[in-house]
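just to be clear, the model below is a prediction. Sequence and coordinates:
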Amino acid sequence: MTHYLGRQWDELQPAGGESGQAYYATNHEGKFFLKRNSTPFLAVLSAEGFVPRLKWTQRLENGDVITAQKWANGQLLTHDEMTSARVINMMRSIHTSRALNLLLKKIETHVMYPKDWLAHVKVDLEQDISRHPDVQLALSYLRNNQERVSRAMTAVVCHGDVNHNNWLLSDEDELFLVDWEGAVLSDVSVDLSMLLYLYIPKEKWNTWLEEYGTVMTPLLQVKLKWYMLSHIILTIKTKHQSGRLNEMNKWLLKLNKVLNDEEL
């Protein structure tokens, strides 16, 4: 029996992850996912059904906040399962959620405009990366199309990392999108670009977008490419900084394919 947060726990184990701030916990009330200083809008995400149910929160003397969510047994979505209509429907619900949008504005979440994304891409970009021919081409594309993309932007809540490892299908057949620490107010193309480029064959983009609630246009094509190039360079930078060079090289290949409008 472990005593933590004024409660008795039969089991309390680190949940992994880089922060070391999350735990699996079990007691007579059930099984929980505990996290220190989770996203401040977790309650709204829970109420909207986007994440497993929030059971309670507790503020510590040092000001930290512990959140406890109902533990959801299940499986992460596979690459193929990312094409399902349920993913489209949840993505649309997130982007059109008035409650989420109002809360992020209330807590003064910074709106990420294209100029901010470009600055984020360029900061601390080491020379051996920035001198790579494809990275130079991508940076040129970002600079040349920044104003065009900016004029077409409407800020909504974006998750920011919608890869399949962040989608959980519970044993009760509930679909959740987890890990919201990177959420931003920005253009929907931040999320849509990753979903389309990584999981949807190009010949099905039009149909996917129609199900989502929009249509493909020349401007949207530019926006999708713009945000995907930004995402890839940011990923390349992260892989390089952490010394994961094999993974970095795989993303350089993806960068080349996006530049040449090829399937990933």
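Noted; the coordinates are in hand.

wait, doesn't Leu42 sit right on Val51?
Yes - when contacts are counted by Cβ atoms under 8 Å, Leu42 is listed as touching Val51 (6.9 Å). (Each C-beta comes from the backbone N, C-alpha and C, glycine too.)

quick one: the strands in this structure?
For the chain, applying DSSP state E gives strands covering 2-4, 7-9, 11-14, 22-27, 30-36, 54-59, 65-70, 74-76, 156-158, 167-170, 175-177, 184-186.

neighbouring strands - and their directions - for the third one?
On the basis of DSSP bridges, the sheet neighbours of strand 11-14 come out as strand 22-27 (antiparallel).

just name the most buried of the strands of the chain.
Mean neighbours per residue, mean count of other Cβ atoms under 10 Å, is largest over the strands of the chain for strand 156-158, with a mean of 24.

name the helices or strands packed onto it?
Secondary-structure packing of strand 156-158 (3 or more Cβ pairs under 8 Å, 6 or more residues apart in numbering; DSSP states H and E): helix 85-95, helix 98-106, strand 184-186.

on that earlier part again, can you check which residues contact both of Leu42 and Val51?
Contact criterion Cβ atoms under 8 Å, 6 or more residues apart in numbering; residues shared by Leu42 and Val51: 69, 180.

which of the two has more neighbours?
Neighbours were counted for Leu42 and for Val51 using other Cβ atoms under 10 Å; Val51 has more, 24 against 18.

name the nearest residue to the more buried one, sequence neighbours excluded.
Once flanking residues are discounted, Val51 sits nearest to Leu45: 4.5 Å by Cβ to Cβ, 6 or more residues apart in numbering.

am I right that the one you found is in contact with Val178?
No - in this structure, Leu45 is not within contact of Val178 by Cβ under 8 Å, at 9.3 Å.

and those two? Which one has more around it.
Using other Cβ under 10 Å as the criterion, Leu45 and Val178 rank with Leu45 on top: 26 against 17.

list the contacts of that one.
39, 51, 54, 100, 180.

all set, thanks.
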